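In: Show me how the following folds:
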Amino acid sequence: MPRSTLAAGLASTPALAPALALALLSGCPGDDPPATDSSSSTTGEDSTGSSTADDTSTTDADGTGTSTTGELPDPLPPLGAVPTTVDQRIEPTHAVEAQPLDPRIPDEREQLLEQGFGDHALGPGEPVEALTPDGSPPPDPGPSPQLLTRFVHLADTQVADDESPLRYVEVDSAFISGAFRPQEAYGCQITNAAVRTINAVHARTPLRFVVLGGDNADSAQTNEVQWFLDILDGAPVVHCDSGSDDDPLPGEGNDPKDPFAPVGLDVPWIWVSGNHDVLVQGNFSIEGREEDAVGSNVPGGSSTLDWSQPGAPVFDGPVVPDPARALLDPVALMSLVLDSGDGHGITEDALAAGRTTYAWDVPDSALRLVVVDSTALTGDASGLVTDTDVEQHIRPLLDQAEADGKLVMVATHHASTSLGDGAGIGGPPQPGALEPADWQALLGEYPNVIAHLAGHSHVHRATYIEPAPGSGYWEIITAAIADWPHQMRIVEVHDQDNGWLTITGIALDYATDGDGLAADGRIRGVLDFTSGWTPDGSGTPQDRNVQLWVPAP
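Out: I've put the predicted structure just below:
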């Protein structure tokens, strides 16, 4: 859709546009394949695909699209050794260049691909930078350093039903990112590629777990969350399609609407909720939108994609209704996660409270994760933590961890700098909301808190937080899988046996060896970045591959 049409669309929804612009701009916007990977310079809308089996998937009774008749597709084979970004990095070969072509319009997206906006190549890696709280050189390790744990932080996959009636594709622009992504149709395949890459890392340097960063789904829909769970849990087949059974490129396993067999994570994983997991498009309360989600009408101000047409152009409906698009309240969301397996960290207390706040002990380790729900259920992309949350749920967990002699890493979706008062789109300000300094002071009360893991901003960042008074800790934000640079982070925690701990974070690209659809997804993600429609989430070298020193409590 031309940007002139976008302007007209915004003008037609004056109450929505300014607030949505601010919300989307706020950030609610795998090793690399080897040099022989042909995906590094592919153009065009078609995919090479990789499925070999004859699957005949059908939509099941509840509309999730996960049942099949006939032979199931085969999962991709395990990867061999995968490099990290210490060894090599994926780099766009086209400069970032704002231009008038609109990636939402199929023909113009094709032109951008033909002009090389999605092309990328392998560049040199980056060394690990050692950072201390005061910037001084790190001390020498003691005689017996010890690895406490190794895990992966996987944030902002934003698996999306891009045919849902509750989308705002017209709002997306070079100035308002996150309402549409050229790569979002490939989100399931990209997430599966990330899982496959994590498994390859685990096969050579064992991981204890994966902790999510939130925004696992895109719009609080049942089908989105179920697709995500099925990918991580390794369901027999996942069919990331809604409404009618679309097949934009006839054949098996050659377009993102075809069913595929996910590989499934080989390590335990821990759930963290983000605003997109509980809010429509990560901004709006689900209240009053339940019927629209499962119906055929596209509400005023909304727009979605029509996959019955070549290239999936933007349109304003009607859509084929689908009961699997039902919106999830927090209890229904947690119940769905609990039903998928071992609970993934969620406790009965969290379920009763309706907030994904809980503690999880890393097995055979002195480390405990304290997961905090930072979402604003009344609407607002920013984070929300209230005094009531602190006193009823968070402080008791931190007090218990201190009493138990545990080192603590806090995991939320929002970093401290993304906290607000809940007064976003359709959301009134909430009493007792913590400001960033309040949150930092809370964590600083506990010398055993060594780090705060977050996502949301879609940008790598590592910052030492030292509230006064209080103890210091590192705030570590991992960039998004959904947006450039499409990375996760390997994290290692060591006791250096010298009065210090280190937290080493290594950025990790998802691998696409033999995975044409995930490769096509990356091409479109690079296009989204180089065409100026999404900001650079790479951060600085001091935010990516880092060894962060923190005093041992």
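In: if I pick the residue nearest to residue 539 when sequence neighbours are not counted, what's in contact with it?
Out: Nearest-residue entry for residue 539: residue 460, 3.4 Å, with adjacent residues in sequence omitted and distances by Cβ to Cβ, 6 or more residues apart in numbering. All C-beta spots, glycine's among them, are computed from the backbone N, C-alpha and C. By Cβ atoms under 8 Å, 6 or more residues apart in numbering, the contact set of residue 460 is 477, 478, 479, 485, 487, 489, 507, 537, 538, 539, 543, 544.
In: roughly how far apart are residue 460 and residue 532?
Out: Using Cβ to Cβ, to the nearest Å, residue 460 is found at 20 Å from residue 532.
In: Likewise for residue 161?
Out: Distance, residue 161 to residue 532, by Cβ to Cβ: 26 Å.
In: same question, residue 353
Out: For residue 353, the distance to residue 532 - Cβ to Cβ - is 43 Å.
In: And residue 181, by the same measure?
Out: Note on residue 181: its distance to residue 532, by Cβ to Cβ, is 14 Å.
In: So for those two, which residue has more residues nearby?
Out: Under the criterion of other Cβ atoms under 10 Å, the comparison of residue 181 against residue 532 puts residue 181 first, with 28 against 17.
In: hey, where'd the helices end up in this protein?
Out: Under the criterion DSSP state H, helices of the chain are mapped to 3-12, 17-25, 106-114, 187-204, 222-233, 275-278, 290-294, 330-339, 348-353, 387-389, 395-403, 436-444, 516-530.
In: Other residues contacting stretch 437-451?
Out: Contacts of stretch 437-451 (Cβ under 8 Å, 6+ apart): 385, 390, 394-395, 398, 401-402, 405-410, 416, 419, 434, 452, 465-467, 469-476, 493, 501, 503, 548, 550, 553.
In: Ends of that stretch, what's the gap?
Out: Stretch 437-451 has an end-to-end distance of 16 Å (Cα to Cα, to the nearest Å).
In: Could you do stretch 463-482 as well?
Out: Criterion Cα to Cα; first-to-last residue distance in stretch 463-482 is 23 Å.
In: start at 14 instead
Out: Will do, 14 is the new start, and the previous item becomes stretch 476-495.
In: Return the set of buried residues in that stretch.
Out: Of all the residues in stretch 476-495, those buried under the rule 16 or more other Cβ atoms under 10 Å are 476-478, 480, 483-495.
In: where does that stretch sit relative to the chain's centre, distance-wise?
Out: Chain-centre distance of stretch 476-495: 19 Å, with Cα atoms, centre = their mean, to the nearest Å.
In: related to what we said a few turns ago, could I get the helices of the chain in a markdown table, plus columns for distance to residue 281, mean neighbour count and mean pLDDT?
Out: Supplementary listing: these in a markdown table, determined by distance: least, Cβ to Cβ, whole Å; neighbours: other Cβ atoms under 10 Å; pLDDT from 0 to 100:
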| stretch | distance to residue 281 | mean neighbour count | mean pLDDT |
| --- | --- | --- | --- |
| helix 16-25 | 43 | 14 | 31 |
| helix 30-38 | 33 | 19 | 36 |
| helix 119-127 | 39 | 18 | 98 |
| helix 200-217 | 11 | 25 | 99 |
| helix 235-246 | 10 | 25 | 98 |
| helix 288-291 | 19 | 29 | 98 |
| helix 303-307 | 31 | 17 | 98 |
| helix 343-352 | 13 | 18 | 97 |
| helix 361-366 | 17 | 16 | 96 |
| helix 400-402 | 26 | 16 | 98 |
| helix 408-416 | 19 | 16 | 99 |
| helix 449-457 | 25 | 19 | 98 |
| helix 529-543 | 23 | 27 | 98 |
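In: Let me have the ones you listed in JSON lines, adding distance to residue 166 as columns.
Out: Shown next, in JSON lines, are the helices of the chain (distance: least, Cβ to Cβ, whole Å):
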{"stretch": "helix 16-25", "distance to residue 166": "34"}
{"stretch": "helix 30-38", "distance to residue 166": "23"}
{"stretch": "helix 119-127", "distance to residue 166": "31"}
{"stretch": "helix 200-217", "distance to residue 166": "11"}
{"stretch": "helix 235-246", "distance to residue 166": "14"}
{"stretch": "helix 288-291", "distance to residue 166": "16"}
{"stretch": "helix 303-307", "distance to residue 166": "30"}
{"stretch": "helix 343-352", "distance to residue 166": "18"}
{"stretch": "helix 361-366", "distance to residue 166": "20"}
{"stretch": "helix 400-402", "distance to residue 166": "23"}
{"stretch": "helix 408-416", "distance to residue 166": "19"}
{"stretch": "helix 449-457", "distance to residue 166": "17"}
{"stretch": "helix 529-543", "distance to residue 166": "19"}
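In: Tell me which of the ones you listed sits nearest to residue 155.
Out: helix 408-416 (24.2 Å; Cβ to Cβ).
In: Let me know the angle separating that closest one from helix 449-457.
Out: If you take axes from the mean of the first three to the mean of the last three Cα atoms, to 10 degrees, helix 408-416 sits at 30 degrees to helix 449-457.
In: where does the chain dip in pLDDT?
Out: Low-confidence segments of the chain (pLDDT under 70): 14-83, 439.
In: Would you check that residue 504 makes contact with residue 167?
Out: No: distance between residue 504 and residue 167: 10.7 Å, which falls outside the contact criterion (Cβ atoms under 8 Å).
In: residues in contact with stretch 390-400?
Out: Applying Cβ under 8 Å, 6+ apart, the contact partners of stretch 390-400 are 36-37, 39-41, 288, 291-292, 295-298, 343, 385, 387-389, 407, 425-428, 431-441, 443-447, 452, 469.
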